[in-house]
Structures are given as structure tokens and as C-alpha cells.
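Novice: any chance you can model this:
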Amino acid sequence: MFQNFKSWYNHGASCDFKWFSAKNHGGSSGVVPRGYKKSDSASHYIKSNTWVNCS
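Specialist: Reported below is the predicted structural model:
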């Protein structure tokens, strides 16, 4: 899905972004909270995602 990106930004108004390292919500995962921004030198890869903690 998303390959080799180096920054995160969740500008969503009502949900957090949950990413997964494998297709169909498998593998390792993490949550990017609403309003979170980060850039770094590491390469990131996402194979699937969903929205969580929606208000």
C-alpha cells in the first residue's frame, strides 16, 4: 500500500489511524493519533490500515 515513506501526518478530525505491516490487518501494527506529525530518516512501510478511536 504505502512504501518507503519518511513522514507521518494524521490531520483527521475525528479518528486515529491504525497501520499494519501485512495485508488484511495482519503483522505488527501501530496507531498514529489525530494531529500527530513526524518526519525522520527511517523508511516506513504499510500494507493495510483502518480508522480507530473515532469520536
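Novice: which strand or helix spans the residue most central in space within the chain?
Specialist: Residue closest to the average C-alpha location in the chain (Cα atoms, centre = their mean): Trp19, at 4.1 Å. Assessed by DSSP states H and E, Trp19 sits inside strand 16-22.
Novice: partners of that strand in the sheet?
Specialist: strand 26-32 (antiparallel), strand 48-52 (antiparallel) (DSSP bridges).
Novice: and Asn49, how far from Ser41?
Specialist: Distance from Asn49 to Ser41, counting by Cβ to Cβ, to the nearest Å: 23 Å. Where C-beta positions appear, they are placed from N, C-alpha and C, glycine not excepted.
Novice: which of these two has more neighbours?
Specialist: The neighbour comparison of Asn49 against Ser41 (other Cβ atoms under 10 Å) goes to Asn49, with 15 against 5.
Novice: who's the closest residue to the more buried one other than its chain neighbours bridged to?
Specialist: Distance criterion Cβ to Cβ, 6 or more residues apart in numbering; nearest residue to Asn49, sequence neighbours excluded, is Trp19 at 5.0 Å. Per DSSP bridges, the residues bridged to Trp19 are Gly30, Asn49.
Novice: any idea of the pLDDT on Trp19?
Specialist: On pLDDT, Trp19 comes in at 92.
Novice: my guess is it meets Ser28, correct?
Specialist: No. Applying Cβ atoms under 8 Å as the test, Trp19 and Ser28 come out as separate, 9.0 Å apart.
Novice: need phi/psi at Gly13.
Specialist: Gly isn't right for residue 13; it's Ala. Reported as degrees, to the nearest 10, the phi and psi values for Ala13 are phi -90, psi -20.
Novice: again with Gly35
Specialist: Dihedral angles for Gly35 - degrees, to the nearest 10 - are phi 80, psi 0.
Novice: wait, what's in contact with it?
Specialist: Residues in contact with Gly35 (Cβ atoms under 8 Å, 6 or more residues apart in numbering) are Asn10, His11.
Novice: same deal with Ser39?
Specialist: So Ser39 contacts Lys6, Ser7, Trp8 (Cβ under 8 Å, 6+ apart).
Novice: each with direction, which strands does the lowest-mean-pLDDT helix or strand in the chain pair with?
Specialist: Within the chain, no helix or strand scores below strand 2-9, which has a mean of 75 by mean pLDDT, DSSP states H and E. In the sheet, strand 2-9 lines up against strand 37-46 (antiparallel) (DSSP bridges).
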